[in-house]
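1. got a sequence here, can you build the structure:
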Amino acid sequence: MMSIPASEFKRRRKQLMRMMDKDSIAIIPTAQTYIRNRDVEHPFRPDSDFHYLTGFSEPDAVAVLIPNRKSAEYILFCREKDPERELWDGLRAGLEGATEIYEADDAFPIDSLDEILPRMLEQCERVYYAMGCNHELDHRMSEWIGQLRARTRTGVHGPLEFIALDHYLHDMRLYKSRSEQKVMRAAAKTSAKAHIALMKQCEPGMHEYQLQAEFAYQCAQKGATSQAYPSIVGGGNNACILHYTDNSEPLTDGDLVLIDAGCENACYASDITRTFPVNGTFSEPQRQLYQLVLDAQKAALEQIKPGNHWNDPHDAAVKTITHGLHELGLLKGKPDALLKESAYTKFYMHKTGHWLGMDVHDVGDYKIDGQWRMLESGMVLTVEPGIYIPVGSKGVAKKWQGIGIRIEDDVLVTKQGYDILSKDAPKEIDEIEALMAS
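-> This next block holds a predicted model:
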């Protein structure tokens, strides 16, 4: 799998520091470790903002940026080398690695944070910090500021203002560089190949968890050992549960199976959903609803281009779905009136996409000054219309019930329009049936 070059992390830090005020400091902690049970921890994954600026993947670390500081603009607090702990937990970069490998201007032991960071705060008027993301550091920050203010009579003032770091950093993250695009394309290609493998192997009698395991296996075989989120593998009526993750039921002949799964590459997510028949052949009701969702996705995709706004793809999708459900008799009334009253939400209750990047639901404002954000080259989003008709839906013929369909792709906004990063995963009905028959 691909990675982000060290030069890009340096460029990002410089870009952020150019946006910061004079006499300011930015403090960015990595994610905390969490206990799974007793003394077993959940697998560690660095905080996205922290990793975006540092590329450093170890726990117990804090990055500090101080623009125009003569001695060191970029300081990394991290764990020291410890041969005994490394024997149990794995190698550490240490202070030397922090400077030599991760190009910090200076590095200090994480245990010295309470001693050194307050002295850095003492020299600054403004602090760029994401309050509420790390409660332990929030508490320590409050104590440090309190200690500084208690020394006012000695001439120590410390920071006068706290500024939300998210506002600056998350707007940077919204625009993907060429390196980021390459990493995300590689993740999408790996996930697409895994989806193809599932289509080939699926058959009645298998369990949802077997497809989940196969997806993770296929990704790991290509170097993507982490999943971007818990996989959704919903057969039959389970596909109508939007965030279904039990993945415990058998797959039944005649049902569809919805698989929403994507691997992670260098902390960048892919997010792909495909829906296909367990036995390899769509029934007529399944075919009609599936084609409607596919038509809605195609209509949404045609709205992705610079100059259109964020909600244009969603508007196109719901218009297609509303008219299609009316033609199938699932919505009754005049199409324009049905669209105006959002009647489609009975069967399609979520938005048509979200930003995609280091987080699956990535950062970045969807509106600016109350208006939908304009799409620009370098943004990456998902396009994922769906139709969900659970068993027991009132006023709905039984032939439609128990059908849940979503088709989701990862899409890069380009200067000319769009590029589907996940295009390798088949989604046309004939393609899916032919693949499963082979």
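2. what comes up buried for the worst-scoring helix or strand of the chain on mean pLDDT?
-> Using mean pLDDT, DSSP states H and E, the weakest-scoring helix or strand in the chain turns out to be helix 135-149, at a mean of 90. Buried residues in helix 135-149, defined by neighbour count with 16 or more other Cβ atoms under 10 Å: 137, 140, 141, 144, 145, 148. Every residue, glycine included, has its C-beta placed from N, CA and C.
3. and the strands in the stretch 51-200 of the chain?
-> Along the stretch 51-200 of the chain, the stretches classed as strands by DSSP state E, counting those that start in this stretch are 62-65, 74-78, 106-109, 126-129, 161-164.
4. for the stretch 251-400 of the chain, that is, sorry about that
-> Under DSSP E, counting those that start in this stretch, the stretch 251-400 of the chain gives strands at 256-261, 263-265, 268-269, 272-277, 367-368, 371-372, 380-383, 386-389.
5. quick one: closest of those strands to residue 430.
-> Residue 430 sits nearest to strand 272-277 of all the strands of the stretch 251-400 of the chain, at 12.1 Å, using Cβ to Cβ.
6. right, and residue 141 touches residue 129 too?
-> Yes - checked against Cβ atoms under 8 Å, the pair residue 141 and residue 129 is within contact range at 6.9 Å.
7. what do these two both touch?
-> residue 27 (Cβ atoms under 8 Å, 6 or more residues apart in numbering).
8. so residue 137 touches residue 62, yeah?
-> Yes - using Cβ under 8 Å, residue 137 is in contact with residue 62, at 7.3 Å.
9. quickly list what's touching both of those two.
-> Overlap between the contact sets of residue 137 and residue 62, as judged by Cβ under 8 Å, 6+ apart, is given by 27, 29.
10. any chance you could map the helices in the protein?
-> With helices called from DSSP state H, the chain shows them at 6-19, 48-54, 83-89, 94-100, 113-122, 135-149, 166-174, 178-201, 208-221, 284-301, 312-327, 335-340, 429-437.
11. from the contact counts, what lies against the second one?
-> Read it as helix 48-54. Judged by 3 or more Cβ pairs under 8 Å, 6 or more residues apart in numbering; DSSP states H and E, the packing partners of helix 48-54 are helix 6-19, strand 24-29, strand 62-65, helix 166-174.
12. which two in the buried residues of helix 135-149 are spaced the farthest apart?
-> Among the buried residues of helix 135-149, 137 and 148 lie farthest apart (Cβ to Cβ), at 16.1 Å.
13. and the pLDDT for the spatially most central residue of the chain?
-> Taking Cα atoms, centre = their mean, the centroid of the chain lies closest to residue 360, which sits 1.2 Å from it. pLDDT for residue 360: 98.
14. got it, and residue 201?
-> If you check residue 201, the pLDDT there is 98.
15. nearest residue to it in space, please, no chain neighbours.
-> residue 214 (6.2 Å; Cβ to Cβ, 6 or more residues apart in numbering).
16. quick check: nearest residue in space to residue 41, chain neighbours excluded?
-> In space, residue 41 is closest to residue 33, 5.2 Å off (Cβ to Cβ, 6+ apart).
17. tell me how many other residues surround the one you found.
-> A count of neighbours around residue 33, defined by other Cβ atoms under 10 Å, yields 12.
18. per-residue pLDDT, it?
-> At residue 33, pLDDT is 94.
19. how about residue 155?
-> 68.
20. check contacts around the residue nearest to residue 201.
-> Listed by Cβ under 8 Å, 6+ apart, the contact set of residue 214 reads 194, 197, 198, 201.
21. quick one, what contacts the third one?
-> Residues near residue 198 by Cβ under 8 Å, 6+ apart: 211, 214, 215, 218, 259.
22. burial measure for the third one, as a count.
-> Okay, so that is residue 215. Neighbours of residue 215 (other Cβ under 10 Å): 22.
23. that one contacts residue 194, correct?
-> Yes - contact criterion Cβ under 8 Å: residue 215 and residue 194 qualify, at 4.9 Å.
24. and for these two, which residues touch both?
-> Joint contacts of residue 215 and residue 194 (Cβ under 8 Å, 6+ apart) are residue 261.
25. CA atoms of stretch 254-272 as PDB?
-> What follows is stretch 254-272, C-alpha atoms only, in PDB (Å, rounded to 0.1, in the frame of the first residue of the first chain):
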ATOM      1  CA  GLY A 254     -33.700 -15.400  -3.000                       C
ATOM      2  CA  ASP A 255     -32.600 -12.500  -0.700                       C
ATOM      3  CA  LEU A 256     -30.200  -9.600  -1.500                       C
ATOM      4  CA  VAL A 257     -27.200  -9.000   0.600                       C
ATOM      5  CA  LEU A 258     -25.900  -5.400   1.200                       C
ATOM      6  CA  ILE A 259     -22.200  -5.000   2.000                       C
ATOM      7  CA  ASP A 260     -20.900  -1.700   3.200                       C
ATOM      8  CA  ALA A 261     -17.100  -2.100   3.800                       C
ATOM      9  CA  GLY A 262     -13.900  -0.400   3.100                       C
ATOM     10  CA  CYS A 263     -10.300  -0.700   4.100                       C
ATOM     11  CA  GLU A 264      -7.900   2.000   5.400                       C
ATOM     12  CA  ASN A 265      -4.600   2.900   3.800                       C
ATOM     13  CA  ALA A 266      -2.100   5.100   5.700                       C
ATOM     14  CA  CYS A 267      -5.000   6.400   7.800                       C
ATOM     15  CA  TYR A 268      -7.100   7.200   4.800                       C
ATOM     16  CA  ALA A 269     -10.500   5.600   4.400                       C
ATOM     17  CA  SER A 270     -12.400   3.900   1.500                       C
ATOM     18  CA  ASP A 271     -16.100   3.500   1.800                       C
ATOM     19  CA  ILE A 272     -17.900   1.300  -0.700                       C
END
